[in-house]
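1. Need a 3D model of the following:
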Amino acid sequence: MSQPATLPPLMMMKKKTKKCSGPSILSSNQHPQPGKVKFLGVRIYIVERRMGHSRRGFLSSLARSKGFRVEDTLGGKVTHVVSEGNPGGELWGWLRAQTVALAGTAEVLDISWFTESMREGRPVAVESRHRIQEDASLLSPVGSRSAVSQYACQRRTTLDNPNKIFTDAFEVLAEHSDFSGSSGPALAFKRAASVLRSLSSALHCLGDTRDLPCLGEQSRAVMEEIFECGRSFKVQGILSDEKFQTMKLFTSVFGVGPKTAEKWFLRGLRSLEEIATHPHVHLNRMQQAGFLYYADISRGISKSEAEALGRIVEDTLHQIAPNASMVLTGGFRRGKEFGHDVDYILTTPDAGTEEGLLLRVIDRLNYQGILLYQEYQESTFDKSRLPCRRFEAMDHFPKCFLIIKLHAEVVPEGALSCDHGDRRGWRAVRLDLVAPPADRFAFALLGWSGSTMFERDLRRFARLERGMLLDNHALYDKSKDAFLVAKTERDIFDLLGLDYIEPWQRNA
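-> Sure, this is the predicted structure:
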């Protein structure tokens, strides 16, 4: 085999310079040094939403290198607001939500104006094709005077849902994606359902969705099929799928998640009876309790049952900590009449006195003979690990997951929901308790009140729109490098520059 010819050292090191085939905003023969402003009458603000932090940083550096002044924050001195990929109604809704108003002469422009200005090396004249208009036709189908926000924390969502036919379909698709391990599509369908749930009137055609945020191609395709056929064949196929139905059944058991459910399905198991009798299936304590009390805890809990359970816990709490207090959270705080469990936050007036509180409550409930199951998780809260930079549904406060025997006599008018013919006079109900320090109570209450999508978007809004980090423990302002103090939920909304949303309006 012949050997390849050996190139001289200089030829091996020399590389050809790639030539551009056309004009580019990156090319310029005379780049002023960053910070040397040539156009004093122009102050540009680049909108980061839908663009991303990295691209915004690149475009800002490019503009400054060409002598443009680029503002890092939106303010009254901004003359040109530049946006990329934001629908007009959505962008103007965001601009109106900002705490600082624009000057009346400020131009709101598409990225095309910025691109042309960079190529020319000077601000080009603003034409009508550059402007992003605040068009009255961009109103939402609810008939409100503002566009629907992409953030659930800026939408008031009650339990009324005139678009249930669509949201039910999206929820099936989201659940199917979750079972398949496809978190991205699952979140997309959940966001689509959340937007439609916030509307106060029904959609009548696909055109009514124009400029609604968070509706991707797949979501619109499902809606179009429902508009035309009255149903989604894709959703119907999922509902009749054996694996989907089996996964729903298995995950309805307390303590069973999607991974365990899929493992059982792959073993060929199809019913709860097969799992309970299979010699090679080993259940942990929580799953054992889930199977033992499945008939009770798989049924919904009424609000009267939740309040009756709360009175039991409150009486127990005041025996051991007279100054302690508790608040019902979760779906019941948002106005729901039924839920799958009951959540209460316990707190004491002084930070530190909440330590050991849950253990004493558990002991008392056990002494009363009504504690059927308990799992206690010690506090892992550590101020030095704050702020958290990723979404976490669960916090690090001490908490416990219980199953309580609820007797009929403690529920008003005997309104205990039991199986027909059940003469025990009691039922098993799930109860979750959490005990945050007093100075973290507002953040924990906000987080535990939900809904999950509302909380997720609240944290996303804080991060993307305010440069802050929010979770169940704290609110951190990155620009000030400081944690912000909040005694109430309303304080948190005020710090974020948001209108306060009542708990019953957070059903996103």
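
2. quick one: contacts for the closest residue to residue 489 other than its chain neighbours?
-> Counting by Cβ to Cβ, 6 or more residues apart in numbering, the nearest residue to residue 489 once its immediate chain neighbours are dropped is residue 446, at 5.0 Å. C-beta here means a position set from N, CA and C on the backbone, and glycine is covered the same way. Neighbour list for residue 446: 455, 458, 472, 489, 492 [criterion: Cβ atoms under 8 Å, 6 or more residues apart in numbering].

3. List the contacts of the second one.
-> This points to residue 458. Listed by Cβ under 8 Å, 6+ apart, the contact set of residue 458 reads 151-153, 446, 470, 496.

4. who wins for most neighbours among these?
-> Across the contacts of residue 458, neighbour numbers were computed from other Cβ atoms under 10 Å; residue 152 holds the maximum, 29 neighbours.

5. Wait, that residue touches residue 453, no?
-> Yes: counting by Cβ atoms under 8 Å, residue 152 sits close enough to residue 453 to count as a contact (5.2 Å).

6. list the buried ones in stretch 475-492?
-> Buried residues in stretch 475-492, defined by neighbour count with 16 or more other Cβ atoms under 10 Å: 475-477, 484, 486, 489, 491-492.

7. Other residues contacting it?
-> Under the criterion Cβ under 8 Å, 6+ apart, external residues in contact with stretch 475-492 comprise 386-387, 439, 442-443, 445-446, 449, 462, 466-470, 474, 495-496, 500.

8. about what we covered before: show me the contacts of residue 446 that map onto helices.
-> Secondary structure assignment by DSSP state H places 455, 458, 489, 492 of the contacts of residue 446 in helices.

9. From those, pick the one nearest residue 379.
-> Ranked by distance to residue 379 (Cβ to Cβ), those are led by residue 455 at 20.7 Å.

10. Any idea how many residues pack against the closest one?
-> If you count neighbours by other Cβ under 10 Å, residue 455 ends up with 23.

11. Isn't it up against residue 447?
-> Yes: taking contact to mean Cβ under 8 Å, the distance of 5.9 Å between residue 455 and residue 447 places them in contact.

12. Name the SS class of residue 483, please.
-> Put simply, residue 483 is strand when judged by DSSP: H, G, I helix; E, B strand; the rest coil.

13. wait, residue 438 sits on residue 351?
-> Yes: using Cβ under 8 Å, residue 438 is in contact with residue 351, at 4.7 Å.

14. Buried ones in stretch 326-337, by neighbour count?
-> Under the neighbour-count criterion of 16+ other Cβ under 10 Å, stretch 326-337 has 326-334, 336 buried.

15. can you put the residues you listed in CSV and add pLDDT and secondary structure?
-> Supplementary listing: these in CSV, determined by pLDDT from 0 to 100; DSSP: H, G, I helix; E, B strand; the rest coil:
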residue, pLDDT, secondary structure
326, 95, strand
327, 96, strand
328, 97, strand
329, 97, coil
330, 96, helix
331, 96, helix
332, 96, helix
333, 97, helix
334, 97, coil
336, 96, coil
